[in-house]
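# this is a predicted model, with the sequence first.
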Amino acid sequence: MPTEGLKQRKAVVDVSATRRKPSLAQHRRVEFAGIGLIAVGAVVLITLILGKGGLIGDSATGMFRTVVGQGAWAVPFVLFFAGGCLVMGKAAFQAQRVFWGTLLVFLGLLAFFAKDVGGDFFDPEALSSGGGYFGGSAAWAMHTLLGPAHWVGNVVFLLVGALLCVEAPVREILERAAASARKPIDKIRKTPVKAEKSALKESDEDKDVRRRATVRMLEENQAEPSPVRAKPLRQDSEPAKTVELAIDAMAPKDGYKLPPLSLLVEPSNKAKRDPKEIQRNIEVLEDTLEQFNIDSNVVEVAHGPTITRYEVQLGPGIRVNRITALADNIAMSLAASHVRVEAPIPGKSAIGVEVPNTQRVMVTLREMVDTLEFHDQASKLTVALGKDVSGVHKYTDLTRMPHLLVGGATNSGKSICLATIIMSLILRLSPKELRLVMIDPKRVEMTFFEGLPHLMCPVVKDVKEAPGVLRAVVREMDRRYERFSEAGVRNIDGWNAKVEPEEKLSYIVVIVDELADLM
């Protein structure tokens, strides 16, 4: 029985392998088919050029002229392309969008070539010199549906087909065409006009007139000296405004007002730390280490919102790894759930013992952004992160990290971090300065931001729509890089400082929730 099972599995593997890897004979058949298409295309092209051919050439050319009329000249090149794809091993290429676009353009052209002989688009004598059966069918449909405006339908066929073949949007195509048209004109404007030498020569009479005028002007300036302007009195500067007014000062002139900080939740009263409890923990920590013959001394205590770090200085000759091995013993002595040992603290000759606080302090967004430290940041894309172990506010600049990945376990605060980043941006920047693209396949995290004026498009909730949106963002990025290179600047700040206000560019921030769903 086991032997039969192995044989069956082996047979299944052999069959699957045969299906995955085509044999050499199959490859040869595909290559021969490609060579045949190229040969037929060459025969048809030669027959069309010379006007005569053999039995195969005349038959194929006559058939193509009857079916597509003047479009028969494009048939050889289509056969060349298809045969080349087969010979090069690209038989399974996917170009549905380009195929349908080319077909629409082809039909539109054949409809223009179609000849109307007394209301008959299928006259045998006019088929070969017109648009053939394909062009006649398209022209008949346009005349029947649109009447005298049939040419509008043909133009629509051409435009829709061209748009399907070209992935770029119409606005971008027009902008590139306008930029290409302006380049010669700008070059001509910047080229200095050389005057003729004869016009630059000055006659003797002109020299005398110019000299007399110069002497007269100098005498007048000496006779009437210019008055000395008095220095303006120094004015005292106005008193510094509050942070709330500084936020309003960043609003643009178009009437948009940044969200006030009053919309955010005010921070609750800070939990009072008992000095006696801290002193007791210091004594317990030193006694615990002394029980294991470790000479130590707590030199500093840092209070954070969730933990308290005790900086311990060890005696000479004591190995650091002995402290890390005693983390469980220290936690048991302090009656803590767990203890983290940081050995050593960066920049200090001490070891950090981090103990969870018995009463945690909630860190709110308002206390992070309602500070001069936040509004004095040079970068406009500064976001608030939170407080560190010592309770110091921490901020970061998105321009220094073009790609930011937020990861962590469940209920570790990823969603809160994402919302904090978004809120930090819209509290500082108007829709003219910041544009957001949000992709939320799970339809949970980003639904609260639907209708935000900063959004470039509605929140993308369908995974199938996300690639198209991201491609549009990449095209915009490439377009900006071209404009930056032409202007000789490196980033958006340099561009905005150089151009007129109406030509300034906004920052674009793309936010994707559950990136793994798009991979």
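Okay, I see it.

# where in the stretch 51-200 of the chain is pLDDT low?
Counting by pLDDT under 70, the stretch 51-200 of the chain contains low-confidence residues at 53, 89-101, 112-113, 115-131, 150-151, 157, 164-176, 179, 182-200.

# by mean pLDDT, which helix or strand of this protein comes out lowest?
Least confident helix or strand, the chain: helix 243-249 with a mean of 33, by mean pLDDT, DSSP states H and E.

# in the host helix or strand of residue 28, what's buried?
Of the helices and strands defined by DSSP states H and E, residue 28 is found in helix 24-50. Buried positions in helix 24-50, judged by neighbour count with 16 or more other C-beta atoms under 10 Å: 30, 31, 34, 37, 38, 40, 41, 43, 44, 45, 47, 48. Quick note: C-beta positions are derived from backbone N, CA and C, even for glycine.

# which residues sit in contact with the fourth one?
By C-beta atoms under 8 Å, 6 or more residues apart in numbering, the contact list for residue 37 reads 79, 80, 82, 83, 86.

# just give the closest residue to it, not the sequence neighbours.
residue 83 (3.4 Å; C-beta to C-beta, 6 or more residues apart in numbering).

# surely the one you found forms part of a helix?
Yes - counting by DSSP: H, G, I helix; E, B strand; the rest coil, residue 83 falls inside a helix.

# quick one: it and residue 36, what's the gap?
7 Å (C-beta to C-beta, to the nearest Å).

# to which secondary structure element is residue 386 assigned?
strand 382-387.

# what pairs with the next helix or strand after that strand, parallel or antiparallel?
Going down the chain from strand 382-387, the next helix or strand is strand 393-397, by DSSP H and E. Strand 393-397 pairs in its sheet with strand 382-387 (antiparallel), by DSSP bridges.

# so for the strand it pairs with, what gets flagged as buried?
Within strand 382-387, the residues scored as buried using 16+ other C-beta under 10 Å are 382, 383, 384, 386, 387.

# isn't the third one right up against residue 370?
No - counting by C-beta atoms under 8 Å, residue 384 stays clear of residue 370, with 10.2 Å between them.

# residues touching residue 448, list them.
Residue 448 makes contacts with residue 419, as judged by C-beta under 8 Å, 6+ apart.

# make sure it is indeed in a helix.
Yes - Residue 448 forms part of a helix when assessed by three-state DSSP.

# how is this protein divided into domains?
The chain is divided into the following domains under automatic domain parsing: 25-170, 275-356, 365-518.

# let me know which of these is the nearest to residue 181.
For residue 181, the closest of those is domain 365-518, at 14.8 Å, according to C-beta to C-beta.

# so where do the helices sit in the stretch 201-350 of the chain?
204-223, 243-249, 275-291, 321-324, 327-333 (DSSP state H, counting those that start in this stretch).

# least reliable of the ones you listed going by mean pLDDT?
Ranked by mean pLDDT, these end with helix 243-249 at the bottom, a mean of 33.

# report the angle between the helix or strand where residue 509 lies and strand 382-387.
Assigned by DSSP H and E, residue 509 belongs to strand 507-512. For strand 507-512 against strand 382-387, the angle by axes from the mean of the first three to the mean of the last three C-alpha atoms, to 10 degrees is 50 degrees.

# what lines up beside strand 507-512 in the sheet?
Strand 507-512 has its sheet partners listed here by DSSP bridges as strand 434-439 (parallel).

# any idea which helix or strand comes after the partner strand?
helix 466-487.

# and that next one, what does it pack onto?
Identification of packing neighbours for helix 466-487 by 3 or more C-beta pairs under 8 Å, 6 or more residues apart in numbering; DSSP states H and E yields helix 170-190, strand 434-439, helix 492-498, strand 507-512.

# and if we set it to 7 Å?
For helix 466-487, the packing partners by 3 or more C-beta pairs under 7 Å, 6 or more residues apart in numbering; DSSP states H and E come out as strand 434-439, helix 492-498, strand 507-512.

# list the buried ones in it?
Neighbour counts over helix 466-487 (16+ other C-beta under 10 Å) mark 466, 469, 470, 472, 476, 483, 484 as buried.

# then it to CSV, C-alphas only?
Extracted C-alpha coordinates of helix 466-487, given in CSV (Å, rounded to 0.1, in the frame of the first residue of the first chain):
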residue,chain,number,x,y,z
ALA,A,466,-5.5,51.1,-4.9
PRO,A,467,-2.9,50.3,-7.6
GLY,A,468,-4.5,52.9,-10.0
VAL,A,469,-4.4,55.6,-7.2
LEU,A,470,-0.8,54.8,-6.4
ARG,A,471,0.2,55.0,-10.0
ALA,A,472,-1.4,58.4,-10.3
VAL,A,473,0.7,59.5,-7.3
VAL,A,474,3.8,58.2,-8.9
ARG,A,475,3.1,60.0,-12.1
GLU,A,476,2.6,63.3,-10.1
MET,A,477,5.9,62.6,-8.4
ASP,A,478,7.7,62.1,-11.7
ARG,A,479,6.1,65.3,-13.1
ARG,A,480,7.3,67.3,-10.1
TYR,A,481,10.8,65.9,-10.5
GLU,A,482,10.9,67.1,-14.1
ARG,A,483,9.8,70.6,-13.0
PHE,A,484,12.3,70.6,-10.2
SER,A,485,15.2,69.7,-12.5
GLU,A,486,14.1,72.4,-15.0
ALA,A,487,13.9,75.0,-12.2
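
# so which residues make contact with that helix?
Helix 466-487 is contacted from outside by 168, 172, 437, 439, 457, 460, 490, 495, 498, 505, 508, 510, 518, using C-beta atoms under 7 Å, 6 or more residues apart in numbering.

# make CSV out of the buried residues of helix 466-487 and add distance to residue 139 and pLDDT.
Listed next are the buried residues of helix 466-487 as CSV, based on distance: C-beta to C-beta, whole Å; pLDDT from 0 to 100:
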residue, distance to residue 139, pLDDT
466, 41, 89
469, 39, 89
470, 41, 90
472, 36, 90
476, 40, 91
483, 44, 90
484, 48, 92
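
# tell me the spacing between residue 337 and residue 357.
11 Å.

# which of these two has more neighbours?
Higher neighbour count among residue 337 and residue 357: residue 357, with 16 against 8, using other C-beta atoms under 10 Å.

# give me phi/psi at the more buried one?
phi -70, psi 140 (degrees, to the nearest 10).

# thought it was touching residue 309?
No - under the criterion of C-beta atoms under 7 Å, residue 357 is not in contact with residue 309, lying 10.7 Å apart.

# between the buried residues of strand 382-387, which is nearest residue 147?
Using C-beta to C-beta, the buried residues of strand 382-387 come closest to residue 147 at residue 383, 61.0 Å.

# so what's that closest one bridging to?
Beta bridges link residue 383 to residue 396, judged by DSSP bridges.

# contacting residues for it?
395, 396, 398, 421, 424, 425.

# again, but for residue 510
437, 473.

# mind checking how far it is from residue 457?
11 Å.

# common neighbours of these two, please.
Both residue 510 and residue 457 are contacted by residue 437, under the criterion C-beta under 7 Å, 6+ apart.
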